[in-house]
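Engineer: Sequence and predicted model, in that order:
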Amino acid sequence: MSHELLISRMRLHRGPEVRSLDEFFAHSGEEVFNRMNDVARQSPQVVDDAAVEWAVGRIGDSPGSVFALLLNIAWKDEERRERMIARYRSLMEAHPKPALACAGYNLHEFHPLLDAQWLADADRLFDHDPDGAWGIFESAAMYEQEFITPALIEAFERRRAAMPRDYFVSLLSLAPRRPELLARVLKAFPDHPAEAVDGTSFAARSEAERVPIGQAHLMHTLASLVPADAIVVDESATSLPFVLRYMPFATPGSFFGGKTGTLGWGMGAAIGVQLGSPGRKVVATIGDGSVMYAPQALWTAAHYRLPITYVVPNNSSYAILKSGMLSLDLASAKRGIYPGMDLVSPEIDYAGLARSLGVRAERVEKPGELRDVLAACLAGPGPSLVDVAIDRGFKPML
């Protein structure tokens, strides 16, 4: 098969005058794979299946580059994604070390490609390349936590000594949703103090730079800004664990929340709490789904100019109900179907809604903007709303 267009793109006016991939390889050796990867990152369709198989047939010459080619195409070409990942996995047994090394490095960037099988392969082939295996586990811990099971945590706990820094990054990334892991981190700290400090610093920076914004980063930032005598009214549902972990509750009566999981009371409750505590700032952490039960409360807050800041962790869904369906093992949840639980098509413009009811409102999507926007809204004399786009992921409650 002719690969004239591919070869032309690979040459870019600086390659050899050749007519086939075989000639290119004979002239330039392993550089041919680097050039193919360059093209795949820009125009994956130009590297067709025949060219991929040509590269696979020479995997022994540069295995890392061939695995990178498969991942680059999987990431860029959705139509061929499953085929490229299947081809990658078909080669892992024969070339486990470069396969793990390539996945461990690239799946940080390509983390939406992660699934349970990548983690199973990292566990099964660990001894061939501990660095690469830990890289896969760390990527999942940072970005795709739903694939990490208690059994996997135990398996990698036993391998902590191989890559202690990756261990601390992984467990600290998991800890906001699995706080019981903090005890393990503290216990391991004396064995690897330098790696623990480095890993802790890296995990904190990564959380602060995550897009969408992480719930832990949102509540940690909010907690650092609220007045000491502020009252928190919470109906944030899936963000509640982070509210309880980070928000300061200096005195009795500083926190109001629902006991039974009922939705819909928080918007109005924030008004009642503030009227009952004149002179005190109220911060209402209200999930986007909960806002829709009583958005008219915003008009009341504006009418009476009440010092309430509504902070909306927005995952465009009733994620707490999705978590409940997963926990109950319901048939539709097994198929990834959650009827009526996604607030999309169209998505709701909470900032626009609040402004229409007389409330100052801001939308935040980037972590670097979060602190300044929260600070400005908290400092205002009247009501405000901050709509924060957060991670849309969820997991079973039990």
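Structural biologist: Okay, I see it.
Engineer: CA only for contacts and neighbour counts going forward, please
Structural biologist: Will do.
Engineer: Report the separation between Arg302 and Gly264.
Structural biologist: If you look again at residue 302, you'll see it is Ala, not Arg. For Ala302, the distance to Gly264 (Cα to Cα, to the nearest Å) stands at 19 Å.
Engineer: Give me the more crowded residue out of these two.
Structural biologist: The neighbour count for Ala302 versus Gly264, taken as other Cα atoms under 10 Å, is higher for Ala302 (20 against 17).
Engineer: Looks like the more buried one contacts Ser356 (just checking).
Structural biologist: No. The pair Ala302 / Ser356 is not scored as a contact, 10.5 Å apart, by Cα atoms under 8 Å.
Engineer: So the closest residue to Thr251 other than its chain neighbours: helix, strand or coil?
Structural biologist: In space, and not counting its chain neighbours, Thr251 is closest to Asp229: 7.8 Å by Cα to Cα, 6 or more residues apart in numbering. Put simply, Asp229 is coil when judged by DSSP: H, G, I helix; E, B strand; the rest coil.
Engineer: tell me the contacts of Asp229?
Structural biologist: 250-251, 254, 280-281 (Cα atoms under 8 Å, 6 or more residues apart in numbering).
Engineer: Show me the residue sitting in the middle of this protein in space.
Structural biologist: Tyr143 (3.9 Å; Cα atoms, centre = their mean).
Engineer: Would you check that that one makes contact with His111?
Structural biologist: Yes. Using Cα under 8 Å, Tyr143 is in contact with His111, at 6.6 Å.
Engineer: rewinding a little: quick check, nearest of the contacts of Asp229 to Ala389?
Structural biologist: Ala389 lies nearest to Lys281 out of these, by Cα to Cα, at 23.6 Å.
Engineer: do you know how far the closest one is from Val373?
Structural biologist: Lys281 is 17 Å from Val373, where distance means Cα to Cα.
Engineer: neighbour count winner among those two?
Structural biologist: Set Lys281 next to Val373 and count neighbours by other Cα under 10 Å: Lys281 wins out with 25 against 16.
Engineer: If we ignore the residues flanking it in sequence, what's nearest that one?
Structural biologist: Counting by Cα to Cα, 6+ apart, Lys281 lies nearest to Ala230, which is 4.9 Å off, once chain neighbours are set aside.
Engineer: could you list every residue that touches that neighbour?
Structural biologist: Ala230 makes contacts with 254, 280-283, as judged by Cα under 8 Å, 6+ apart.
Engineer: From those, which land in strands?
Structural biologist: Those of the contacts of Ala230 mapping onto strands are 282-283, per DSSP state E.
Engineer: any idea which of the contacts of Ala230 is the one closest to Phe137?
Structural biologist: Distance ranking of these against Phe137, using Cα to Cα, places Val283 first at 36.8 Å.
Engineer: Relative to the whole chain's centre, how far out is the helix or strand His217 falls within?
Structural biologist: Using DSSP states H and E, His217 maps to helix 215-223. Put simply, helix 215-223 sits 15 Å off its chain's centre (Cα atoms, centre = their mean, to the nearest Å).
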